[in-house]
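Undergrad: show me how the following folds:
(one chain, ligands or ions: 1)
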Amino acid sequence: MKTIEVKTGRSYNIYIEHGIIAEAGKYVREVSKAVRAVIVSDSNVAPIYAGTVEKSLKENGFETSVFIFEAGEERKRLATIEKMYEHFFEHNITRTDIIVALGGGVTGDMAGFAAASYLRGINFVQIPTTLLSQVDSSVGGKTGVDLPTGKNLVGAFWQPSVVLIDPDTLDTLPQKFFNDGLGEVIKYGCIRSSALFSRLENENAADFIDDIIYECVSIKRDVVENDERDTGERAILNFGHTFGHALEKLNHYSVITHGEAVSVGALILTKITEGKGITASGAAGRIKGLLEKYGLPTSTQFSLGEIVSATRGDKKSSGKGINFIFLKDIGECFIHRINNDEINEFFGV
Ligand code: MG
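TA: Next up, the predicted model:
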C-alpha cells in the first residue's frame, strides 16, 4: 500500500491499494465515530461497487444508506444536491455522521459540496473510481456544482477525512474515460515531472498505473499544501485548462471530455509559446506525440480566435486579466498573466 499525507487546514491520508474498496469500512472507521454513513454514487458506479462498500461499512458498525443519482455531468446541479439533502434528512444524518463519495469527479464534487453545506458541514470520504478523479479531483478539497451558465461556479473548499484509491476500479472503466484521465496525467508531466512524461513516452501507461497515480497525487498534494485556497501556485494545475474550458464551452459540454479538452488546450497553447520562443523547442511535438499515443485529440474544428474569445468569463480569470500557465520546457512551468486588452494581440487573433 502507498500512503500520501496531505497537510492542509485539516490533514488527511490518501491510501492507494488494490482491493481497498472491500475494506473501505475499516479506513472510514479510523477517521470517524459516526453512527450513520451515506454512500453517494451514480447509476453507473453504484451497481458495480456500492454493495461492496456498504457491506464493509456495516461490518465496521455503520448504519448505511445509499443515495443514487443518474450518471452524467448534466446532473451536477443544485437540484441533485437538494435531493441529497432530503435523503440525509430522511435518514436522520447528524453533524457527526459521514458521507462516502463513491464514483468519478461529478460524484465527488457533489457529495463533497453536500457534505460541506448540510448542517453547515459534515465529514466526508472520497472513494474515486475513475482515473481522472483518482489523479485529480478527489485530492485538494474543491467541491461544487455547475450552473446553466458555467461549470463549477458554486462550491466550497472542503477537505475529505480520507481518500481511498483502488486501481482495480479502472478495470471497469471504458477506454474513453481512461484516456480522459490520461489527459490530466500528461498535464502533471508537463508542469512538474519530465521523468513521468518520458516514462509515458517510453512505456505503456496501463502497465505502471500505480506509479502514475502515486506521482500525480504527490504533485497535486505538494501544490495544494502550498496554496489550499487557490490564490497563487495552485494555478499551475490549470495548464491547458483555460483553452480546455473554452473548448468544452464551444462543444456545449458534450462530445469532448474534460481530459480531451485539456489535452488539446495544452497542445495549442504550447505550439504558440514555442513559436514565440517562450517554451523550449520540441516540447509541443512531444506533447502531440503523447496525445496520439494515448488516443487523445490533437486538433479541433474551432479557430484560435473562437477559442480565445470563449476564454472570456472563464472562472480562472481574475480582475482584468487571465493567468495562463506556460511551459519553459517539459516538466517546468510558470504563471504568465495577460491583461484582457492584450489577449488578442498576444495570440495574434
Ligand atoms: Mg481538470
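Undergrad: the residue lying closest to G282 once chain neighbours are set aside: helix or strand, and which one exactly?
TA: Of all residues not flanking G282 in the chain, E274 sits nearest, at 7.9 Å (Cβ to Cβ, 6 or more residues apart in numbering). The way it works is simple: take the backbone N, C-alpha and C, and place the C-beta from them, glycine included. Element membership for E274, per DSSP states H and E: helix 258-275.
Undergrad: now I191: which helix or strand?
TA: Element membership of I191, judged by DSSP H and E, is helix 175-192.
Undergrad: quick one: that helix to helix 258-275, angle?
TA: Orientation check (axes from the mean of the first three to the mean of the last three Cα atoms, to 10 degrees): helix 175-192 against helix 258-275 gives 40 degrees.
Undergrad: for the helix or strand following helix 175-192, what is the average pLDDT?
TA: Elements were assigned by DSSP H and E; along the chain past helix 175-192, the next helix or strand is helix 194-202. On average, the pLDDT along helix 194-202 is 98.
Undergrad: the helix or strand following helix 194-202 packs against which elements?
TA: Tracing the chain C-terminally past helix 194-202 and defining elements by DSSP H and E, one meets helix 209-226 next. When contacts are defined as 3 or more Cβ pairs under 8 Å, 6 or more residues apart in numbering; DSSP states H and E, helix 209-226 sits against strand 2-6, strand 12-16, helix 175-192, helix 194-202.
Undergrad: turn these into CSV, columns for distance to Y49 and mean neighbour count.
TA: Shown next, in CSV, are these (distance: least, Cβ to Cβ, whole Å; neighbours: other Cβ atoms under 10 Å):
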stretch, distance to Y49, mean neighbour count
strand 2-6, 21, 15
strand 12-16, 16, 19
helix 175-192, 15, 23
helix 194-202, 28, 16
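Undergrad: related to what we said a few turns ago, counting contacts, what elements does the helix holding E274 pack onto?
TA: helix 175-192, helix 241-250, helix 283-293, strand 321-329.
Undergrad: in it, what counts as buried?
TA: For helix 258-275, the buried set under the neighbour-count rule, 16 or more other Cβ atoms under 10 Å, comprises 258-274.
Undergrad: what angle sits between that helix and helix 283-293?
TA: Counting by the same axes, to 10 degrees, helix 258-275 lies at 160 degrees to helix 283-293.
Undergrad: helix 258-275 versus strand 321-329: what angle between them?
TA: 70 degrees.
Undergrad: related to what we said a few turns ago, let's have the helices and strands packed on helix 209-226 in TSV, adding distance to K320.
TA: Shown next, in TSV, are those (distance: least, Cβ to Cβ, whole Å):
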stretch	distance to K320
strand 2-6	34
strand 12-16	37
helix 175-192	25
helix 194-202	34
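Undergrad: looking at these, which is closest to D136?
TA: helix 175-192 (4.8 Å; Cβ to Cβ).
Undergrad: show me the domain layout of the protein.
TA: 2-172, 175-347 (automatic domain parsing).
Undergrad: ends of the last one, what's the gap?
TA: For domain 175-347, the first and last residues are 34 Å from each other (Cα to Cα, to the nearest Å).
Undergrad: from the chain's centre, how far out does that domain sit?
TA: 13 Å (Cα atoms, centre = their mean, to the nearest Å).
Undergrad: before we move on, the earlier item: quick one, which of the helices and strands packed on helix 209-226 gets closest to S138.
TA: The nearest among the helices and strands packed on helix 209-226, by Cβ to Cβ, is strand 12-16 at 8.0 Å.
Undergrad: okay, strands next: where are they in the stretch 1-150 of the chain?
TA: Along the stretch 1-150 of the chain, counting by DSSP state E, counting those that start in this stretch, strands occupy 2-6, 12-16, 36-42, 63-69, 98-103, 123-128, 142-147, 150-157.
Undergrad: the second one to strand 123-128, inter-axis angle?
TA: Angle of strand 12-16 versus strand 123-128, following the same axes, to 10 degrees, is 20 degrees.
Undergrad: do the last one as well
TA: Angle between the axes of strand 150-157 and strand 123-128 is 130 degrees (criterion: the same axes, to 10 degrees).
Undergrad: give me the distance from the next helix or strand after strand 150-157 to the chain's centre.
TA: For strand 150-157, the succeeding helix or strand toward the C-terminus, using DSSP H and E, is strand 162-165. On the basis of Cα atoms, centre = their mean, strand 162-165 sits 14 Å off its chain's mean C-alpha point.
Undergrad: identify the bridge partners of A37.
TA: As for beta bridges, A37 partners with T64, I98 under DSSP bridges.
Undergrad: help me confirm that it comes into contact with V28.
TA: Yes: using Cβ atoms under 8 Å, A37 is in contact with V28, at 6.6 Å.
Undergrad: list residues touching both of the two?
TA: The contact sets of A37 and V28 overlap at 57, 62, 98, 100 (Cβ atoms under 8 Å, 6 or more residues apart in numbering).
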